[in-house]
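**Student:** Sequence first, predicted model second:
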Amino acid sequence: MRRGLLFFCSLIFVIFIISSCEQKAQKVKIRYPFEGSVFPAEFPAPGIRWESDSITQEWQIDISINAKIISSNKSNKNIWTPEASIWENVKTKADGNKITISVFALDGNTKTKADSVNIVISKDSVGTPIFFRSVILPFSHANKYKDSLNWYLGEVASNDVPKLMMSKIPACANCHSFSSNGTKFALDVDYANNKGSYAIANIEKTSAIKPENIISWDDYKKDEKESTLGLLSQISPNGEWVVSTVKDRSIFVPIDTNFAYSQLFFPIKGILASYNTKTKTFLSLTGADNPDYVQSSPGWSPDGKEIIFARAKIDNDTAYSSQKGLFVNTSLANDYISGNKGFKYDLWRVPFNNGKGGKAEPIEGASNNGKSNYFPKYSPDGKWLVFCQADNYMLLRKDSRMFIMAAKGGKPRKMQCNTNDMNSWHSWSPNGRWIVYATKHFGPYTQLFLTHIDENGNDSPPIWLEYFDLPKRAINIPEFVNTNTNNWNHIVDAFSTSGNYFQRSIDESINHRDYKSAIHYVNLLLEKEPENTNGYMQKARVNILSQNQNQAIADYKMAMSLIDKQLVKEPKSVVLLKQKTEIFSRIGDFNNAIATYNQIAKCNANEEDNISFKTNILIDANRNQEAIEECNRILKNKPQNTRFLSIRASLYMSINEFPKALQDLNVLLKAQPNNKDFLMKRLNINYMLVRADDCMKDINQILKNGTNEYMVYFIAAQIYDARNEKAEAIKCAKSAINIINTTSLSNPTPEAEKKKVIDFYNVISKR
């Protein structure tokens, strides 16, 4: 008995020792390629990467086919890429068989088996290049430096850096798509300060985006005067039509605390409309134009006869439904940022019917499944449908996974090419055998991967387009282009030739109090237009704001010299004289400002414009009573003149003549009852005069129209507190703090004011 027990214990010890040795021997784990991955026939040699806890600094990499070693090489790094000759030899000898890649840790002359993976070289080529965008992170930084966006065309068969197609556009440009025959491309652009602008151009050696190539989705039912972003637009397979989300509104929030996922962006309102490139007309797409739903993320069937789109019920919360403009106020997005409030899309299909639409129906397997379904893409033969799915929302979701199903509907299958970090924005190769998509598998800077699709819709573990990677850049929005890289060399920006785009970037940077960025864009403007007087005036303005007074004076002098030079040729130019007057006013030389204004009055017959300009000079000189007298000159004959009533109301406020200011504001609000600026001015006066009931009337009107002004909620909180309505007071104070916190980057609240609101909240919440 004792001998048997001793033998058993010895056996266990030996097994333990063997097991420990085996675990010690397993010192390497191949990170890439992935087991079972399928490479295109033309793919260049991949970089083999592994992790190791071995103390050795040398490894051996063997490549075998049917247990026969084809190549054996050593490396002192955790990556090794086969030379082109070795890789081509391997592909030739594989002939469809599995290729085994093994990595051994070397300890002197001893090699220890560590890890291996099997891959396959497909007989299917990709055949066409991939167009994609690169962007810096985080999003808020990229949004400030729009000219940092670049677009590339990458060849899967090449290990060269992809071809730079377009760069340094001083405007935002995003989603792009291509006709299936590779003759046309379409691209979101911000043209002439219009967010709904959209370019449609030909693919040729040098493609030029010209003003005549640009449409505006705002022109769809323009009489309704509702701005449109034109979100997630897609050109038709034949290039004749484009379908887009219009009359849209979105949650669009930077999240700088999350570097990899630094924005939250998805539509919460919108319908689908189409544009015909031949007739140049717009049509709403019946079946996808229900105002009770958001309808977005459209995808075309290969024959152009059907549209698949994402649909969700609109949030009926009045805080959202009362919002105006393209984007929901950041202060109202907190529930979405935190994930406390969901938003899920189902996939629907509708006949296109030459833009007229028809009866829409949900797609079985991609709707009513408790998930958010979006980005539907048909295979080129119309047999398969691949779409993305996440718990909520749409773009840039960490939990986004791709699913494939029969195009007619059915049970979707989660694709095995999915990685653990975002799988999104996919595109089919024209031959239907490959899908390119974006993921964050190797870190926060998005990468592009490929997967092979066989005739039965089975996909393979992914392969990395590592040669497309760019240092410190996220690369995204990949789209196959049915062309040859030799036939498409460059995209020329032939639409943003003026300084308007730089001017907008300057204004945006100033609004964000990012004066470094503002100077950057001013310098770009002056580099493009070295004698742009307004450029130097803007530079002076920025330097004053950043408290660089000496440089500001030098900039103003430079602007003045350019103006005087032009006035020699155009002595009666009102524009030049106004610029000169403005400079005198900015540097405090008000006598010369008035003297130059008198020259303007002689040259300009428009009395209202002249007096409006003069009042600005007087206001700068702090001569408010004289400015009021100038307003009175116009209002004596035109007592309902909105421009001068508004100016006079502000002037009365500045000299604390509140009853007179209220009188003017009441006249203005009778004509424009929802004017936010007038309502805010009246609210502030009533607040200073301690008229609580009048304040609440204005507050209710402002909130009805939507606002991101923290002061509205703060005043309401104080009134509720005075009325002993503690719950409402706390609720409004919280809203004020939320607005202060969520707008701190774009429009920071002075610390003293912020502290005042927080202290008030702390006091009332502890009572």
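**Tutor:** Now that the structure is in, tell me what you want to look at.
**Student:** What is the neighbour count of Tyr293?
**Tutor:** Tyr293 has 20 neighbouring residues, counting by other C-beta atoms under 10 Å. Every C-beta, even on glycine, is put in place using the N, C-alpha and C of the backbone.
**Student:** didn't it look like it was pressed against Phe309?
**Tutor:** No - the pair Tyr293 and Phe309 fails to qualify as a contact (C-beta atoms under 8 Å) at a distance of 10.1 Å.
**Student:** Would you agree Pro444 falls within a strand?
**Tutor:** No - using DSSP: H, G, I helix; E, B strand; the rest coil, the assignment for Pro444 is coil, not a strand.
**Student:** what about the stretch 51-200 of the chain, any weak spots by pLDDT?
**Tutor:** 54, 56, 113, 141, 143-146, 170-173, 190-194 (pLDDT under 70).
**Student:** all helices for it, in order.
**Tutor:** 84-94, 139-144 (DSSP state H, counting those that start in this stretch).
**Student:** just for the stretch 401-550 of the chain, where's the confidence low?
**Tutor:** Along the stretch 401-550 of the chain, the model assigns pLDDT under 70 to residues 496-501, 504, 508, 512.
**Student:** As a check, name the ranges of all strands in it.
**Tutor:** With strands called from DSSP state E, counting those that start in this stretch, the stretch 401-550 of the chain shows them at 401-406, 413-414, 423-428, 434-439, 447-452, 463-464, 474-480, 490-493.
**Student:** Who are the packing partners of the third one?
**Tutor:** Put plainly, it is strand 423-428. With contacts defined as 3 or more C-beta pairs under 8 Å, 6 or more residues apart in numbering; DSSP states H and E, strand 423-428 has these neighbours: strand 372-378, strand 384-390, strand 401-406, strand 434-439, strand 474-480.
**Student:** Compare the ones you listed and report which one is nearest to Tyr220.
**Tutor:** Among the helices and strands packed on strand 423-428, the nearest to Tyr220 by C-beta to C-beta is strand 372-378 (22.3 Å).
**Student:** What lies in contact with the closest one?
**Tutor:** Residues outside strand 372-378 that contact it (C-beta atoms under 8 Å, 6 or more residues apart in numbering) are 296-297, 299-302, 308-310, 312, 343-347, 363, 366-367, 384-394, 397, 407, 424-428.
**Student:** before we move on, the earlier item: I'd like the strands of the stretch 401-550 of the chain as TSV, with distance to Asn610 and mean neighbour count appended.
**Tutor:** Output for the strands of the stretch 401-550 of the chain, formatted as TSV (distance: least, C-beta to C-beta, whole Å; neighbours: other C-beta atoms under 10 Å):
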stretch	distance to Asn610	mean neighbour count
strand 401-406	64	20
strand 413-414	70	14
strand 423-428	54	23
strand 434-439	56	25
strand 447-452	59	24
strand 463-464	66	22
strand 474-480	51	22
strand 490-493	39	17
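**Student:** what's the most buried one of the helices of the stretch 51-200 of the chain?
**Tutor:** Each of these was scored by mean neighbour count; the highest is helix 139-144, a mean of 18, by mean count of other C-beta atoms under 10 Å.
**Student:** Test my guess that Ala733 contacts Tyr713.
**Tutor:** Yes - counting by C-beta under 8 Å, Ala733 touches Tyr713, with 7.2 Å between them.
**Student:** For Gly535, which residues are in contact?
**Tutor:** 499, 522, 525-526, 529.
**Student:** Over to Thr286?
**Tutor:** Counting by C-beta under 8 Å, 6+ apart, Thr286 has contacts 350, 356-358.
**Student:** got it, and Asn686?
**Tutor:** Asn686 is in contact with 662, 694-695, 698, counting by C-beta under 8 Å, 6+ apart.
**Student:** Ok, Ser64 next?
**Tutor:** 70, 99-100, 102.
**Student:** Give the bridge partners for it, please.
**Tutor:** According to DSSP bridges, the residues that bridge with Ser64 are Ile69, Thr100.
**Student:** Also Val242?
**Tutor:** Beta-bridge pairing of Val242 under DSSP bridges involves Ile235, Tyr275.
**Student:** residues contacting it?
**Tutor:** Applying C-beta under 8 Å, 6+ apart to Val242 gives the contacts 186, 198, 200, 233-236, 274-275, 277.
**Student:** for the record, mean pLDDT for the host helix or strand of Val757?
**Tutor:** Val757 belongs to helix 751-765 when assigned by DSSP states H and E. The average pLDDT within helix 751-765 is 89.
**Student:** just checking, what packs against that helix?
**Tutor:** Helix 751-765 packs on helix 710-722, helix 726-742, going by 3+ C-beta pairs under 8 Å, 6+ apart.
**Student:** most packed of those?
**Tutor:** Scoring the helices and strands packed on helix 751-765 by how many neighbours each averages, mean count of other C-beta under 10 Å, gives helix 710-722 as the top one, at a mean of 21.
**Student:** Minimum distance to Glu629: which of the helices and strands packed on helix 751-765 has it?
**Tutor:** Taking these one by one with C-beta to C-beta, helix 710-722 is closest: 31.1 Å.
**Student:** which secondary structure elements does that closest one contact?
**Tutor:** Helix 710-722 packs on helix 676-688, helix 692-705, helix 726-742, helix 751-765, going by 3+ C-beta pairs under 8 Å, 6+ apart.
**Student:** mind listing what's buried in stretch 587-600?
**Tutor:** 587, 590, 593-594, 596-597, 599-600 (16 or more other C-beta atoms under 10 Å).
**Student:** Equivalent analysis for stretch 355-363, please.
**Tutor:** Buried residues in stretch 355-363, counted by 16+ other C-beta under 10 Å: 355, 357-358, 360, 363.
**Student:** Would you mind measuring the gap between the ends of stretch 207-217?
**Tutor:** Criterion C-alpha to C-alpha, to the nearest Å; first-to-last residue distance in stretch 207-217 is 22 Å.
**Student:** Please spell out which residues along that stretch are buried.
**Tutor:** 207-209, 213-217.
**Student:** what do you get for stretch 667-683?
**Tutor:** In terms of neighbour count (16+ other C-beta under 10 Å), stretch 667-683 has its buried residues at 668-669, 675-676, 678-683.
**Student:** ditto for stretch 511-519
**Tutor:** For stretch 511-519, burial by neighbour count (16+ other C-beta under 10 Å) applies to 512, 514-515, 517-519.
**Student:** for that stretch, the distance to its chain's centre please.
**Tutor:** Relative to its chain's centre, stretch 511-519 lies at 19 Å (C-alpha atoms, centre = their mean, to the nearest Å).
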